[in-house]
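Undergrad: Let me see the structure of the following:
(chains A and B)
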Protein chains: 2
Amino acid sequence: MSPPLSTGPDAGSPTGRPSDGAGSPFTRRTPRIVAAARLRRRRERDATGRFLAEGPQAVREALSSGAAREVFATAEVGRRHPELLTLAGQQQVPVSAVTDDAVAALAETVAPQGVVALCRRVDWRLAELVAAPLRLVAVLAEIRDPGNAGTVLRTADAAGADAVVFAGAAVDPYNGKCVRASAGSLFHLPVARADSAAAVAGLRAAGLRILAATGGGEADLDELLDAGGLTTPTAWLFGSEAHGLPADLLDTADARVRVPIHGRAESLNLGAAAAVCLYASARALRQREQLG
Amino acid sequence: MSPPLSTGPDAGSPTGRPSDGAGSPFTRRTPRIVAAARLRRRRERDATGRFLAEGPQAVREALSSGAAREVFATAEVGRRHPELLTLAGQQQVPVSAVTDDAVAALAETVAPQGVVALCRRVDWRLAELVAAPLRLVAVLAEIRDPGNAGTVLRTADAAGADAVVFAGAAVDPYNGKCVRASAGSLFHLPVARADSAAAVAGLRAAGLRILAATGGGEADLDELLDAGGLTTPTAWLFGSEAHGLPADLLDTADARVRVPIHGRAESLNLGAAAAVCLYASARALRQREQLG
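TA: Modelled structure (predicted):
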């Protein structure tokens, strides 16, 4: 759906300098910008297999991972983040000079910092994902809040997870807010979208124990740790903060695990609960490996 | 600064029914609502020692903790959450019937769910706080984002922390967004505001080890756990996601601790890092107690 990428005279050159010789920078009315801005909508992302990543950190990760296809940058970015243009040059990704106004049309944040990458989605299929050895996987089941989903993706990356699955009616991982909350992690590890039941079946067939994180779980995380219950490959299921995990997923899990609440809080928020679970697994798995 | 609380005929009665006999419900123009709505500003909160808590959960916790002084509720709330009115009656807290429009004037969220409590601040002084035995304390140093601060407060409560200190130029704990993000935890455990250096000195004098959570820390959290470094009373210092901890606080800590990053993420977000640190301490302290 996007028009073919035409490159300016300097775009894609080793210096990666924004094209400023060929004429004026792109504005919000330039057809290429108009087309790219449509990627703020899921339907357009699904139809084209492309998405946008905004801000210097996300653009850097998009370039490093090979996902970036074109970078739109203001002149200011060339002065403040010359390393981005160098990286684009090294990766032979064209850089197009754009106005602040064009960036505002592409970006979703109030202060988009002048740079947006148009990226190609890398959609892992579940079958591909489980073909590799897996020790730790996070499954985001029906999590519709893009900020929460992106945060858990970032935490899973930090904890050394091998993959993240967006399951069922979870938010589109390429949603702009999810990309931002992931702080680059979307570009770091395999991300698949799958039906929830298929994800559980596939991960279990791959030898992972399926643990559902839920406030009402019968197993206490600390007791599970004490019993050595986290030393084998594990897939954690996380549900939405508002609705929790669907009953059929709770039923299908090998155990339902609660993070202990020692004080008077009713619950942890999703990001905190996922961090405690994923880091408990990471530590147990690494201790096991060091012993073995 | 708030006008004295006049109670309707039913307000404060054992049934706690909203006052609907004395006339019309309060609107956004009723002087009492106009005065209460000013508490959305920090200056007014500081001048009056009062603040607002919105939504059924926060109002319930405000009532249970004794912080609520008056409850503003729509007729719909009386039907959907009769237990709130019963609780208000038990606590002899007057309930005033208000219009949706009045709730909108008091609340900060788009869907405030029809109920707001006017609360009295309980300001703990550092000296009072350290007079009790402390095992685990979270210090939010210069954290200006109210959502992040409230989230860490909630996590500290869940992990069984004894107190939380908002230090230096941290956000006002009674900021509406912070109150909401704390999900009631503001009402569960002692919260003090203090100068950062004074907080560290006071907590150290009370026998706590001061650990600064920082991505650049020389001590790895897992190695610290292996070495038994979290089995003594601990105060964790957390800084803002954007700026981290100030250099003088990093210097004054007994150790600077990093949550290990096993994958390719640059860092964890504040809420995730605090959850991992606080739960690591909670587990180590409890294991120690069970052994001792």
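
Undergrad: Run the angle between the lengthiest helix in chain A and helix B:270-291 for me.
TA: Scanning chain A for the longest helix, with DSSP state H as the assignment, gives helix A:270-291. Orientation of helix A:270-291 against helix B:270-291 (axes from the mean of the first three to the mean of the last three Cα atoms, to 10 degrees) gives an angle of 60 degrees.

Undergrad: distance of the spatially most central residue of chain A from chain B?
TA: Taking Cα atoms, centre = their mean as the criterion, residue A:186 is the residue nearest the geometric centre of chain A, at 2.8 Å. Distance, residue A:186 to chain B, by Cβ to the nearest Cβ, to the nearest Å: 11 Å. All C-beta spots, glycine's among them, are computed from the backbone N, C-alpha and C.

Undergrad: Might one say that that residue is in contact with residue A:178?
TA: Yes - between residue A:186 and residue A:178 there is a contact at 7.5 Å, judged by Cβ atoms under 8 Å.

Undergrad: any shared contact partners between the two?
TA: Residues touching both residue A:186 and residue A:178 by Cβ atoms under 8 Å, 6 or more residues apart in numbering or on different chains: A:150, A:153.

Undergrad: is stretch A:285-292 anywhere near chain B?
TA: Yes - against chain B, stretch A:285-292 shows contacts by Cβ under 8 Å from any Cβ of the partner chain at residue A:286.

Undergrad: same thing with stretch A:82-91?
TA: No - Stretch A:82-91 stays clear of chain B (Cβ under 8 Å from any Cβ), getting no nearer than 14.9 Å.

Undergrad: pLDDT of that stretch, averaged?
TA: Mean per-residue pLDDT for stretch A:82-91: 96.

Undergrad: how about it as PDB, C-alpha atoms only?
TA: Output of stretch A:82-91 as PDB, limited to C-alpha atoms (Å, rounded to 0.1, in the frame of the first residue of the first chain):
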ATOM      1  CA  PRO A  82      24.400  12.200  13.900                       C
ATOM      2  CA  GLU A  83      25.100   8.600  15.000                       C
ATOM      3  CA  LEU A  84      21.600   7.700  13.800                       C
ATOM      4  CA  LEU A  85      22.300   8.900  10.300                       C
ATOM      5  CA  THR A  86      25.700   7.100  10.300                       C
ATOM      6  CA  LEU A  87      23.900   3.900  11.300                       C
ATOM      7  CA  ALA A  88      21.300   4.400   8.600                       C
ATOM      8  CA  GLY A  89      24.100   4.800   6.100                       C
ATOM      9  CA  GLN A  90      25.800   1.600   7.300                       C
ATOM     10  CA  GLN A  91      22.600  -0.300   7.000                       C
END
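
Undergrad: how far does it sit from the chain's center?
TA: 22 Å (Cα atoms, centre = their mean, to the nearest Å).

Undergrad: what residue ranges in the stretch 151-292 of chain A score low on pLDDT?
TA: A:292 (pLDDT under 70).

Undergrad: oh sorry, the question was meant for the stretch 1-150 of chain A
TA: Ranges of the stretch 1-150 of chain A meeting pLDDT under 70: A:1-22.

Undergrad: Go again with 50.
TA: The model of the stretch 1-150 of chain A has pLDDT under 50 over residues A:1-21.

Undergrad: mind checking how far the residue nearest to residue A:244 when sequence neighbours are not counted is from residue A:274?
TA: Among residues not flanking residue A:244 along the chain, residue A:214 sits closest, at 6.0 Å (Cβ to Cβ, 6 or more residues apart in numbering or on different chains). To residue A:274, residue A:214 is 12 Å away according to Cβ to Cβ, to the nearest Å.

Undergrad: Tell me which residues touch the closest residue to chain B within the stretch 1-150 of chain A, please.
TA: In the stretch 1-150 of chain A, the residue that lies nearest chain B is residue A:57 (7.6 Å; Cβ to the nearest Cβ). Residues in contact with residue A:57 (Cβ under 8 Å, 6+ apart) are A:183-184, B:266.

Undergrad: Repeat the analysis, applying 6 Å as the threshold.
TA: Contacts here follow Cβ atoms under 6 Å, 6 or more residues apart in numbering or on different chains; on that basis residue A:57 touches residue A:184.

Undergrad: what does the one 4 residues further on give?
TA: Contact partners of residue A:61, counting by Cβ under 6 Å, 6+ apart, are A:184, A:187.

Undergrad: Neighbours of residue A:198, how many?
TA: By other Cβ atoms under 10 Å in any protein chain shown, the residues close to residue A:198 number 14.
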